[in-house]
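**Q** got a structure for you, letters missing:
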């Protein structure tokens, strides 16, 4: 497995939250807030060493997993058909984890940021990026809409992803707008969007598979 400069750069980006946390170790609380409710209140905590270990795992884990996954994927030859898209999505997810990690560190250093105004637009933007390139993701076992029916038929895979792409983009746009809704509305809107983009393509892939077999 060949490692390139961009791979090491991704790992370096993933390390930034952990490095910042270690530099400010004594300024961080013994119990760090790691989960928030829709009212910007902390409702989940982790001990400081465990929280920093989580930052390390999230920052390094995703770039490493996505690098290794394509090498062990039974359909590894298909990655050359969407090489540019795959690398773009790797970067998008790496930057996503960087922002999430830095948010946790900064918040626990005493800067009371609004979690909803960070996470909703961030997740929405990631959904829009994924949706924009969804139709270009080729048949594989690592990335994309992996249902029993898309994985069993390449035609079902292709048509399901083409159908789902605009839906993911629309859901992402709604999530971004959801950041400006009252706290009691924001979470239900986000969960509804996630439910739609998961359930509809799943049902569609099943229907299409049955239709092609008929």
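**A** Now that the structure is in, tell me what you want to look at. Just so you know, these numbers come straight off a predicted model, no measurement behind them.

**Q** low-scoring stretches of this structure, by residue?
**A** The model of the chain has pLDDT under 70 over residues 1, 183, 214.

**Q** quick one: the strands in it, in order.
**A** Secondary structure of the chain (DSSP state E): strands at 31-36, 42-47.

**Q** next, format those strands as CSV and append distance to residue 95 and mean neighbour count.
**A** Heads up, the C-betas are built off the backbone N, CA and C, glycines and all. Formatted as CSV, the strands of the chain follow (distance: least, CB to CB, whole Å; neighbours: other CB atoms under 10 Å):
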stretch, distance to residue 95, mean neighbour count
strand 31-36, 20, 17
strand 42-47, 23, 13
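
**Q** now render those strands as CSV, adding distance to residue 57.
**A** As requested, those are arranged in CSV below (distance: least, CB to CB, whole Å):
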stretch, distance to residue 57
strand 31-36, 13
strand 42-47, 12
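
**Q** quick one: which of these is nearest residue 128?
**A** Closest to residue 128 of the strands of the chain is strand 31-36 (CB to CB; 22.6 Å).

**Q** pretty sure residue 43 contacts residue 115?
**A** No. Between residue 43 and residue 115 there is no contact under CB atoms under 8 Å: 10.9 Å.

**Q** anything in contact with each of those two?
**A** Common contact partners of residue 43 and residue 115 (CB atoms under 8 Å, 6 or more residues apart in numbering): residue 36.

**Q** quick check: domain ranges of the protein?
**A** Annotated domains of the chain cover 1-109, 114-214 [automatic domain parsing].

**Q** returning to that earlier point: out of the strands of the chain, nearest to residue 136?
**A** From the strands of the chain, taking CB to CB, the stretch that ends up closest is strand 31-36, at 34.1 Å.

**Q** and that closest one, what does it pack against?
**A** Judged by 3 or more CB pairs under 8 Å, 6 or more residues apart in numbering; DSSP states H and E, the packing partners of strand 31-36 are strand 42-47, helix 48-72, helix 83-108.

**Q** so the first one versus helix 83-108, what angle?
**A** Right, strand 42-47. 90 degrees (axes from the mean of the first three to the mean of the last three CA atoms, to 10 degrees).

**Q** my read is that residue 59 contacts residue 21, right?
**A** No. Residue 59 lies out of contact with residue 21 (CB under 8 Å); the separation is 10.2 Å.

**Q** of these two, who's got more company?
**A** Taking neighbours as other CB atoms under 10 Å, residue 59 and residue 21 compare with residue 59 leading, 26 against 23.

**Q** from residue 73, how far out is the more buried one?
**A** 23 Å (CB to CB, to the nearest Å).

**Q** for residue 144, same thing?
**A** Plainly put, residue 144 is 11 Å away from residue 73 if you go by CB to CB.

**Q** which one's more surrounded, those two?
**A** Using other CB under 10 Å, the more surrounded residue of residue 144 and residue 73 is residue 144, with 21 against 15.
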